[in-house]
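Participant: Make a model of this:
(2 chains)
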Amino acid sequence: MDFINQMLGLEVSIPWANLLRAALLLITGIFAARLFRRVTGTVLGQLPGSQQRSVQRVTGWLILILFIAAALHQLGFKLGVLLGAAGVLSVAIGFASQTSASNLISGLFVLTERAIQPGDTIQVASFTGEVLSIDLLSTKMRTLDNLLVRIPNELLIKNTVVNMSRYPLRRFDLKLGLALDTDVARAREVLLAVAAANPLCLENPQPAVMQQGFGDSSIDIQLSVWAARENFGELRNTIQEEVKRALDSAGIAIAISRRALYLSGPLPEPRQPVAIEDAPGGASS
Amino acid sequence: MTALPATWPLLAGDDSQSHRFDRLELRIRRAAGECWLEHGWLDADEQPRQQQSHRFLIGAGEEPLVALPLLPDRPVVSRPQVTTVLLPRERATLLLGTALWIRLQLGNRTLLELPTVRLSDTWFGPNTREGELCYASQTRARLQLLDIESPWRAITPITIINRGDDVLKLDRLNVPVPNLSLYCDGNQFWTSGLTVGRDGGNAPARVQIDSGPPALSPHAELLASPRKTVRNGVLDRAINLIFA
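Facilitator: Numbers count the residues shown, from 1 in each chain, chains lettered A, B, ... in the order given. Model (predicted):
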């Protein structure tokens, strides 16, 4: 026993029984932490994987810390002093890690709010992509051009996040500027026929053609069509081609920007061309 | 095997062949160890669209290639061409046609499932958040069989009973075809019949799938079981919203 005390540099001797109890507490703590992680996993089976893992990790560490404290108490450590020191230390760490703490708390809000889930396609700041995981400090996202983007959770709380895959349907709005002499009723018929012929365009909610007003050189209209979320990209590509083809076939022109210029007063006399003579000795090309 | 209508194409054992199933054009090419399938749907100008090719490695498989009729994989929402109204305390049996699908099988191994007509998608539900993705179709909701017979469509007899004191307006009918069996009587394809009872007011309609072949063709033989089964032949609440 003295040998151990010498090794640990302890001036006070620790009885064997206490040492044994501390070891037992530590081992029990490790097993209890594992057990709690497993139980939490079973209880929270409904939660998404990343949320479940985070809660499991926090629970496991809390249990382990409790047992470590109990073991230290058995070894004769004054936990009051330790806790005081820990308090001071935590204040210092708190000041030093304000950003991390803010991200951690934001992460908990993001997890509980459930506005986004792994697998969703979201738009945040200037990034659009698929959510890979929501961790305690950050959310990982794969952009459409295959880049990994790590977004601090604080940013998700502060910024507007658009979840593009929450609902099963999406609407595509195609804005068109038609020539000013266009028969709008005919254009409406053509556009609705295009929507009806595209199998990806939903029949209900019905496609709609809305007149947006008059532009500088155009009649502005909008074709709004709905598609199942998984077909949205394909519909967006195919319907634009089909609209262009149908408008061309129907003789309906897309507006070209035009300006009418009205001059007041008589036109100035056209200038006579002036012959420019080469400078003497100059090279001509 | 149950006798299919005489117009149903039988895939011969030739190495290269093409067939037409309503609007679906199918080309088959077989070579040693492989099978090529090309398909496309004819548009209004009889031009093939959305053509696709598939190559299957079939090993030493010498089994014959067969095309079996099948019902669509999603419910079909039929919109009567003219708004139809069923008077209070009346019943009527409407005949609705559903475009068939084909299942291409090598022996008993499925290669592809294709619709004979490419139907538009549609949404059936109270709003854009809840509901289900279906196929859209137009129907004349005929009462007489002679008006609807077609070799490429399966007829669903729907008996609608309006027990309420108000009229029942049929704007759209959701036919849960994945829950129905497919039958054939040698001339015409049929599905199981449906009986829809409605008590009036805002009470949901109750849909019952009739067991066995439809009463209009009692000797029709079973060709394909439902893709999805339901308990006791009664559809759940979501599909009870058959009218919209």
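
Participant: Around chain A, pick out the residues from chain B.
Facilitator: By CB under 8 Å from any CB of the partner chain, the residues of chain B that approach chain A are B:43, B:77, B:79, B:118-124, B:128-129, B:131, B:133, B:136, B:172. (Glycine included, C-beta is placed from N, CA and C.)

Participant: from these, which is closest to B:Ala67?
Facilitator: B:Arg118 (17.1 Å; CB to CB).

Participant: Number of residues surrounding that closest one?
Facilitator: 18 (other CB atoms under 10 Å in any protein chain shown).

Participant: May I have the secondary structure class of it?
Facilitator: Three-state assignment for B:Arg118 (DSSP: H, G, I helix; E, B strand; the rest coil): coil.

Participant: B:Asp121 versus the residue of chain A found nearest chain B, what's the distance?
Facilitator: Nearest to chain B in chain A, going by CB to the nearest CB, is A:Glu203, at a distance of 3.7 Å. Remark: distance between A:Glu203 and B:Asp121 (CB to CB, to the nearest Å) = 7 Å.

Participant: just how off-centre is stretch B:126-140 within its chain?
Facilitator: Centroid displacement of stretch B:126-140 relative to its chain, using CA atoms, centre = their mean, to the nearest Å, is 15 Å.

Participant: what's near enough to touch A:Tyr196?
Facilitator: Wrong residue type there; residue A:196 is Ala, not Tyr. A:203, A:207, B:120 (CB atoms under 8 Å, 6 or more residues apart in numbering or on different chains).

Participant: picking up where we left off before, what sits in contact with each of A:Glu203 and B:Asp121?
Facilitator: B:Ala136.

Participant: circling back to that earlier point, by neighbour count, which of the residues of chain B next to chain A wins?
Facilitator: B:Thr122 leads these on contacts (other CB under 10 Å) with 27 neighbours.

Participant: pLDDT value on that one, please?
Facilitator: Predicted confidence (pLDDT) at B:Thr122: the value is 94.

Participant: In terms of helix, strand or coil, where does it fall?
Facilitator: Strictly by three-state DSSP, B:Thr122 counts as strand.

Participant: mind checking how far the lengthiest helix in chain A is from the chain centre?
Facilitator: Longest helix in chain A, counting residues (DSSP state H): helix A:16-43. In terms of CA atoms, centre = their mean, the centre of helix A:16-43 is set 39 Å apart from its chain centre.

Participant: in that helix, what counts as buried?
Facilitator: Under the neighbour-count criterion of 16 or more other CB atoms under 10 Å in any protein chain shown, helix A:16-43 has A:19, A:21-22, A:25-26, A:29, A:32-33, A:36-37, A:40 buried.

Participant: could you redo those residues as TSV and give each row pLDDT and distance to chain B?
Facilitator: Converted to TSV, these look like this (pLDDT from 0 to 100; distance: CB to the nearest CB, whole Å):
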residue	pLDDT	distance to chain B
A:Leu19	85	63
A:Arg21	87	59
A:Ala22	87	57
A:Leu25	88	53
A:Leu26	88	52
A:Gly29	89	47
A:Ala32	88	44
A:Ala33	87	41
A:Phe36	82	38
A:Arg37	82	36
A:Thr40	80	32
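
Participant: Not counting its neighbours along the chain, what's nearest B:Trp36?
Facilitator: B:Arg29 (4.2 Å; CB to CB, 6 or more residues apart in numbering or on different chains).

Participant: Name the secondary structure element that contains the one you found.
Facilitator: In the assignment (DSSP states H and E), B:Arg29 maps to strand B:24-31.

Participant: Run through the helices of the chain in chain order.
Facilitator: The chain I'm using is chain A. Under DSSP H, chain A gives helices at A:2-8, A:16-43, A:49-74, A:79-96, A:98-113, A:153-158, A:184-197, A:232-249.

Participant: switch to chain B, that's the one I care about
Facilitator: Per DSSP H, chain B carries helices over the ranges B:237-240.

Participant: Where does pLDDT dip in it?
Facilitator: Applying pLDDT under 70 to chain B picks out residues B:1-2, B:13-14, B:61, B:140-141, B:143-147, B:231-244.

Participant: looking at it, which residue lies furthest from center?
Facilitator: For chain B, the residue at maximal distance from the C-alpha centroid (CA atoms, centre = their mean) is B:Ala32, at 34.9 Å.

Participant: Low-confidence stretches in the stretch 151-285 of chain A?
Facilitator: In the stretch 151-285 of chain A, residues with pLDDT under 70: A:275-285.

Participant: Return the residues of it in contact with chain B.
Facilitator: A:167-169, A:196-205, A:226-228, A:231.

Participant: now with 7 Å?
Facilitator: Residues of the stretch 151-285 of chain A lying close to chain B (CB under 7 Å from any CB of the partner chain) are A:167-169, A:199-205, A:228.

Participant: Farthest pair within the residues you listed?
Facilitator: Largest pairwise distance in those, by CB to CB, is 20.8 Å, between A:Tyr167 and A:Pro199.

Participant: of these two, who's got more company?
Facilitator: Taking other CB under 10 Å, A:Tyr167 and A:Pro199 do not tie; A:Pro199 has more neighbours (21 against 12).

Participant: was I right about the more buried one contacting B:Ser120?
Facilitator: Yes - at 4.9 Å, A:Pro199 counts as touching B:Ser120 under the criterion of CB atoms under 7 Å.

Participant: rewinding a little: please determine how far the residue farthest from the centre of chain B is located from chain A.
Facilitator: 36 Å (CB to the nearest CB, to the nearest Å).

Participant: how close does that residue get to A:Ala196?
Facilitator: In terms of CB to CB, B:Ala32 sits 45 Å off from A:Ala196.

Participant: give the contact list for A:Leu136.
Facilitator: A:54, A:104, A:107 (CB atoms under 7 Å, 6 or more residues apart in numbering or on different chains).

Participant: at 8 Å what do you get?
Facilitator: Contacts of A:Leu136 (CB under 8 Å, 6+ apart): A:54, A:103-104, A:107-108, A:153.

Participant: Let me see the contact set for the residue nearest to it when sequence neighbours are not counted.
Facilitator: Once flanking residues are discounted, A:Leu136 sits nearest to A:Gly107: 4.4 Å by CB to CB, 6+ apart. Counting by CB under 8 Å, 6+ apart, A:Gly107 touches A:54, A:134-138, A:153.

Participant: Need the worst-confidence member of those residues.
Facilitator: In terms of pLDDT, A:Ser54 ranks lowest among the contacts of A:Gly107, with 74.

Participant: Correct me if wrong: it contacts A:Asp135.
Facilitator: Yes - if you go by CB atoms under 8 Å, A:Ser54 and A:Asp135 touch, sitting 6.9 Å apart.

Participant: what's the neighbour count on B:Thr116?
Facilitator: Count around B:Thr116 with other CB under 10 Å applied: 22.

Participant: typed the wrong thing, it's B:Phe21
Facilitator: By the measure other CB under 10 Å, the count of residues near B:Phe21 is 23.

Participant: So for it, what's the nearest residue that isn't a sequence neighbour?
Facilitator: Nearest one to B:Phe21, counting by CB to CB, 6+ apart, is B:Thr116 at 4.4 Å.

Participant: Surely that neighbour touches B:Leu26?
Facilitator: No - at 9.8 Å, B:Thr116 does not count as touching B:Leu26 under the criterion of CB under 8 Å.

Participant: anything in contact with each of those two?
Facilitator: With the criterion set as CB under 8 Å, 6+ apart, the contacts of B:Thr116 and B:Leu26 do not overlap.

Participant: Show the contacting residues for B:His54.
Facilitator: If a contact means CB under 8 Å, 6+ apart, then B:His54 has B:36-38, B:111-112 as its contacts.
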